[in-house]
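Undergrad: Model the structure of this input:
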Amino acid sequence: MGFRVNRRTLLFIAGCIWIIAGVNILRIGIVTWLNDAHYWLFKMGEATVVFLLFFQFVFRRLFVKHSERISQKGEKNCPFSFFDVKGWIVMIFMITFGITIRHFHLLPNSFISVFYTGLSSALIITGLLFLRRAYLFPHQKLEGNS
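TA: Residues are numbered from 1 along each chain as shown. Below is the predicted model of the structure:
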C-alpha cells in the first residue's frame, strides 16, 4: 500500500514545503538585491506591496482551500497529497517560469530583487499558517481562518 500519513502530518508537510520554497526564493531575492542596492527604501515599499497582493489575493486563499481539502481527507494519505493536481501543475509552472526568467535575463535584477523578496515573504507566512493549522488540528475551525 505504501507510506501514508495522517491529515495533521499533511498540514505539517505543506507548511514545511511552503517555507522551504519561500526561503529559497528569499535567498535569490536578497542576493539580487545586494548586487543592486540602489533606492533600497523605495524597493522595500515595492516588496511590501508585492507581499500584500500575493498573500491576500493568492496564497491566503490557497491556504484556506488546501487546509479545507486536507481536513476532509481520510486518515491515511499520500504524503504528496497536500496539493491537488492543479496545485502541483501551478507549482511546476511557477518554478519553470522563474528559472527561465533568471536564466535568460528576461527581467532586470531590480525587478527580481523586489518581486522575489515580496513573494518569498508571502510564501513563508503561508507556510507558517499551515504549521499553525497542523499544530491546532483538529481543534481549529476553518471558517474565518487567520
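
Undergrad: What distance do you get for residue 94 to residue 48?
TA: For residue 94, the distance to residue 48 (C-beta to C-beta, to the nearest Å) stands at 21 Å. For glycine as for every other residue, the C-beta is placed from the backbone atoms N, C-alpha and C.

Undergrad: Run through this protein and note the low-pLDDT ranges.
TA: Along the chain, segments meeting pLDDT under 70 span 1, 139-146.

Undergrad: Spell out the secondary structure type for the residue nearest the centre of the chain.
TA: Computing the C-alpha centroid of the chain and ranking residues by C-alpha atoms, centre = their mean puts residue 123 first, at 3.0 Å. Under DSSP: H, G, I helix; E, B strand; the rest coil, residue 123 falls in the helix class.

Undergrad: just the one 4 residues further on next, same as before
TA: Using three-state DSSP, the structure places residue 127 in helix.

Undergrad: What is the burial count for it?
TA: Residue 127 has 22 neighbouring residues, counting by other C-beta atoms under 10 Å.

Undergrad: repeat for residue 27
TA: As a burial measure, the neighbour count of residue 27 was computed by other C-beta under 10 Å and equals 12.

Undergrad: What separation is there between it and residue 34?
TA: Counting by C-beta to C-beta, the gap from residue 27 to residue 34 is 11 Å.

Undergrad: Then residue 8?
TA: Using C-beta to C-beta, one obtains 39 Å as the distance from residue 8 to residue 34.

Undergrad: Tell me which of these two has more neighbours.
TA: Taking neighbours as other C-beta under 10 Å, residue 8 and residue 34 compare with residue 8 leading, 16 against 9.
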